[in-house]
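**Q** For reference, the sequence and a predicted model appear below.
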Amino acid sequence: MKIISKITNAVIIAALVLGVSSCGDDDDGNIIIPTENIVVTATADTDLSLLVAALGAADGDLVSVLNGTGPFTLLAPTNTAIEAYLAANNYADIAAVPTDALQQLLLNHVIPGEITSTALTNNGAGYATTASTAGPDGASISTYYNTTNGVVFNGVATVTTPDIAASNGIIHKIDAVIGLPDITTFATVDPNLSRLVEGLTAYSFDYVTTLKGTGPFTVFTPNNAAFDTLLATDPMWTATGDIPETILQTALDLHVIENINVTEADLTDGVVNTIGGNVTIDATAKTVSDGADPANVATIITTDIQATNGIIHEIDNVLLSPIVPNR
């Protein structure tokens, strides 16, 4: 099961106000209820002093937020992680980071609700929604986790010390700062989309540059199984890059809608214009079709993977033939 939630700004605000305390067991089997909240717990840890300073420096009074009832899951970069981030981005210190950007960066490390390392490991991999509202029109940003080799977020930050209990949630120390993701971030870090990355980087395509741009974009991303089905139609195709350039470009173009961030809630029935032509959406059935004869239909199997510059919906088939090509 994937942890993926659609949390609107209102729900996030509610999550910052309402919640329950976390608890654990001591060696004698007695329940221990932590008495210190996340901020106090982090402040007492010298390895998190830069994080605490950043919380105080950022817009949004994040110290008060994390002093709230919660519950929260805080992915806490260590001092070494923050120092590396500052150096990589040419910031002399935390005070040099714009306070509004710092707010969204830090909120990208806060997941409303309490998620233990055991819950993450049991799920294996998936998406969670953070408290950052850096998406188009204030949309809440997603984060991808994978537990194949430790618990890793967005392919960059590994949990080094899990499950530090607090009265209003839980802290997982991590070894890197998690930057705000664009669409290419999730395509790159989610192994189930590796075939798509093969296609995006084939030939002289500039899709990667485009999808790192301002956007917003709505992208229907075929998963590996979808591409494997397409590759199986020709014995000469063993990788996405083996597909002839014109066919592959047509296919990739059909999966990108420009200048709009369409969430699952906003999907409506009808014809939609993509970079490569028109496709038809059936919001009730959660399908996208490309107008081939017979129609090539893809089912939307994961929705609302939200990046800063657009949104991804994972589909189980590759669209190939536009209904009405762009003129």
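**A** Arrived safely, thanks for sending.
**Q** so where is the stretch 101-250 of the chain shaky, pLDDT-wise?
**A** Within the stretch 101-250 of the chain, not a single segment meets pLDDT under 70.
**Q** quick one, strands of it?
**A** 110-112, 125-129, 142-146, 152-153, 157-166, 169-174, 217-222 (DSSP state E, counting those that start in this stretch).
**Q** Packing partners of the fifth one?
**A** Under the contact criterion of 3 or more C-beta pairs under 8 Å, 6 or more residues apart in numbering; DSSP states H and E, the helices and strands touching strand 157-166 comprise helix 38-43, strand 72-77, helix 117-123, strand 152-153, strand 169-174. C-beta coordinates here come from the backbone N, C-alpha and C atoms, glycine included.
**Q** need the contact list for Thr238.
**A** Thr238 sits next to Leu231 when contact means C-beta atoms under 8 Å, 6 or more residues apart in numbering.
**Q** Flag every buried residue along stretch 137-151.
**A** 139-147, 151 (16 or more other C-beta atoms under 10 Å).
**Q** Out of the helices and strands packed on strand 157-166, which is closest to Ala54?
**A** Closest to Ala54 of the helices and strands packed on strand 157-166, according to C-beta to C-beta: strand 72-77, at 8.7 Å.
**Q** List the neighbouring strands of the closest one plus their orientation.
**A** Strand 72-77 pairs in its sheet with strand 110-112 (antiparallel), strand 169-174 (parallel), by DSSP bridges.
**Q** Convert the C-alpha atoms of it to PDB, please.
**A** The C-alpha coordinates for strand 72-77 follow below in PDB (Å, rounded to 0.1, in the frame of the first residue of the first chain):
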ATOM      1  CA  PHE A  72       3.600  15.700  13.100                       C
ATOM      2  CA  THR A  73       6.400  13.600  11.500                       C
ATOM      3  CA  LEU A  74       9.500  15.700  11.400                       C
ATOM      4  CA  LEU A  75      12.300  14.700   9.000                       C
ATOM      5  CA  ALA A  76      15.100  16.400  10.800                       C
ATOM      6  CA  PRO A  77      18.300  17.200   8.900                       C
END
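**Q** Now the following helix or strand past that strand: buried residues?
**A** Note on strand 72-77: by DSSP states H and E, the next helix or strand toward the C-terminus is helix 79-88. Buried residues in helix 79-88, defined by neighbour count with 16+ other C-beta under 10 Å: 81-82, 85-86.
**Q** before we move on, the earlier item: how about the buried residues of stretch 137-151 in a markdown table, adding distance to Leu120?
**A** Listed next are those as a markdown table, based on distance: C-beta to C-beta, whole Å:
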| residue | distance to Leu120 |
| --- | --- |
| Ala139 | 23 |
| Ser140 | 19 |
| Ile141 | 18 |
| Ser142 | 15 |
| Thr143 | 11 |
| Tyr144 | 11 |
| Tyr145 | 6 |
| Asn146 | 9 |
| Thr147 | 6 |
| Val151 | 5 |
